[in-house]
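Q: here are the coordinates; sequence isn't available:
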């Protein structure tokens, strides 16, 4: 199977888009082989999300000038806010900064794409994990997660998506879901632990269960994009960085977005 960097980055983009569309009212279009993704009103208006832009243009193997041309001409939905996510192999995004800035875009945030080769071996607490298959389970999860990250009802039975959760003392302690659109490769779309159950091994237990499930399905590799706080968590569990991507915002939106990003870290 082709595991070139081109293939792996394209896989991430397409599975990220599918994971969002499977869970929320998100959507996308393809313009000149470039994916333009829209989060949708459900995510954009959620009190539990701080998204300083409503759309993303994914830039890989396309010159910044072409991406900028698409951005200037595209009729973005919602409030019209958008970001460009430019992928690059090395950590230093300096060459992208120098090319995007003259086009009217300012560097905003760095991110990494990680991947693990299965099987893995790490110590796991003895906590039972269940698949989410019924609306009643969603109701249980959201009794705990009502004030943080509610489980999307649409995910129950969603194509190519398998969801998991941990229950402790009659409450949902954490949940996550896996997206598989390729025979041997999957994407871990998110890992969420209730604040009251953190530092108890909930995420580790769910991750281990997902790895075991993936192996049974013939999956050889899993991708994910960790949050800043989770980089070390996944690295310690055998995930390795395979690519970097830098987020750029239109300069006229930069001041507002920087303010929102600072609020999200408090």
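A: Good, I have the coordinates. Computed from a prediction, not measured in an experiment: that's the story for all the values here. Residues are numbered from 1 along each chain as shown.

Q: Every contact and neighbour count from this point should use C-alpha atoms.
A: Will do.

Q: Now do the domain split for the protein, please.
A: If you go by automatic domain parsing, the domain ranges for the chain are 5-112+242-264, 129-219.

Q: a markdown table for those domains, including mean neighbour count?
A: Output for these, formatted as a markdown table (neighbours: other CA atoms under 10 Å):
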| stretch | mean neighbour count |
| --- | --- |
| domain 5-112+242-264 | 17 |
| domain 129-219 | 18 |
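
Q: Could you dump those into CSV with distance to residue 121 added?
A: Below are the domains of the chain laid out as CSV (distance: least, CA to CA, whole Å):
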stretch, distance to residue 121
domain 5-112+242-264, 20
domain 129-219, 9
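
Q: Break down the stretch 51-200 of the chain into its helices, ranges please.
A: Using DSSP state H, counting those that start in this stretch, the helices found in the stretch 51-200 of the chain span residues 64-73, 94-100, 135-145.

Q: nearest to residue 181, of the ones you listed?
A: Residue 181 lies closest, by CA to CA, to one member of the helices of the stretch 51-200 of the chain: helix 135-145, at 23.6 Å.

Q: returning to that earlier point: mean pLDDT lowest where, among the helices of the stretch 51-200 of the chain?
A: The weakest mean pLDDT among the helices of the stretch 51-200 of the chain belongs to helix 94-100, with a mean of 90.

Q: Which strands or helices does that one pack on?
A: helix 64-73, strand 105-117 (3 or more CA pairs under 8 Å, 6 or more residues apart in numbering; DSSP states H and E).

Q: contacts for it?
A: Identification of contacts with helix 94-100 by CA atoms under 8 Å, 6 or more residues apart in numbering yields 64-65, 86, 106-107, 248.

Q: returning to what we had before: ok, which of the helices of the stretch 51-200 of the chain comes nearest residue 206?
A: The nearest among these, by CA to CA, is helix 135-145 at 14.3 Å.

Q: elements contacting that closest one?
A: Partner elements for helix 135-145 (3+ CA pairs under 8 Å, 6+ apart): strand 171-182.

Q: Now do residue 138 against residue 194, distance only.
A: Distance of residue 138 to residue 194, given as CA to CA, to the nearest Å: 14 Å.

Q: ok, residue 239 - contacts?
A: 114-117.

Q: Most neighbours out of those residues, which is it?
A: Counting neighbours by other CA atoms under 10 Å, residue 115 comes out on top of the contacts of residue 239 with 24 neighbours.

Q: so it touches residue 242, yeah?
A: Yes - taking contacts as CA atoms under 8 Å, residue 115 lies within contact range of residue 242: 6.7 Å.

Q: Which strands and helices lie in contact with the lengthiest helix in the chain?
A: Taking DSSP state H as the criterion, the chain has its longest helix at helix 5-23. Applying 3+ CA pairs under 8 Å, 6+ apart, one finds that helix 5-23 contacts strand 27-31, strand 171-182, strand 185-193, strand 240-250.

Q: Could you rerun that using 7 Å?
A: strand 185-193 (3 or more CA pairs under 7 Å, 6 or more residues apart in numbering; DSSP states H and E).

Q: Show me what the strand it packs on packs onto, helices and strands only.
A: helix 5-23, strand 171-182, helix 202-216, strand 221-224.

Q: okay if I get the ones you listed as TSV plus distance to residue 161 and mean pLDDT?
A: Formatted as TSV, those follow (distance: least, CA to CA, whole Å; pLDDT from 0 to 100):
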stretch	distance to residue 161	mean pLDDT
helix 5-23	7	97
strand 171-182	5	97
helix 202-216	12	97
strand 221-224	13	98
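
Q: Between those, which one is closest to residue 157.
A: Across the helices and strands packed on strand 185-193, closest to residue 157 is helix 5-23 (CA to CA), at 9.4 Å.
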